[in-house]
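> what's the 3D shape of this:
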Amino acid sequence: MATVALFDFQHVLKIKQDELLAVAFVVIMALAIELLLITREYFMRGMVEGVVKG
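Numbering: from 1, shown residues only. Model prediction:
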């Protein structure tokens, strides 16, 4: 949804397409990293259990 909002403001802010995509990438990656940091305990537990079961 972040990219949709950024594309809506493209004409208002007069930003080049490349700059807009760079901002969208940073916003989306920041959210993904934050989600991973919040759930890292469950992520690591799942990774270890998957290896042990094999």
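
> mind exporting stretch 45-54 as CSV, just the C-alpha atoms?
Provided in CSV are the C-alpha atoms of stretch 45-54 (Å, rounded to 0.1, in the frame of the first residue of the first chain):
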residue,chain,number,x,y,z
ARG,A,45,12.7,-21.1,16.5
GLY,A,46,11.1,-22.2,13.3
MET,A,47,14.4,-22.4,11.4
VAL,A,48,16.0,-24.5,14.2
GLU,A,49,12.9,-26.8,14.5
GLY,A,50,13.0,-27.3,10.7
VAL,A,51,16.6,-28.4,10.7
VAL,A,52,16.2,-30.7,13.7
LYS,A,53,13.2,-32.5,12.3
GLY,A,54,15.2,-33.5,9.1
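
> Can you give the distance of that stretch from its chain's centre?
From the chain centre to the centre of stretch 45-54 is a distance of 25 Å (C-alpha atoms, centre = their mean, to the nearest Å).

> now the helix or strand encompassing residue 34: mean pLDDT?
Using DSSP states H and E, residue 34 falls within helix 17-38. Mean pLDDT, helix 17-38: 89.

> Only the buried residues of whatever helix or strand comes next after that helix, if you could.
Sequence-wise, the next helix or strand downstream of helix 17-38 (DSSP H and E) is helix 40-53. Buried residues in helix 40-53, counted by 16 or more other C-beta atoms under 10 Å: none are found. In short, each C-beta sits where N, CA and C put it, glycine included.
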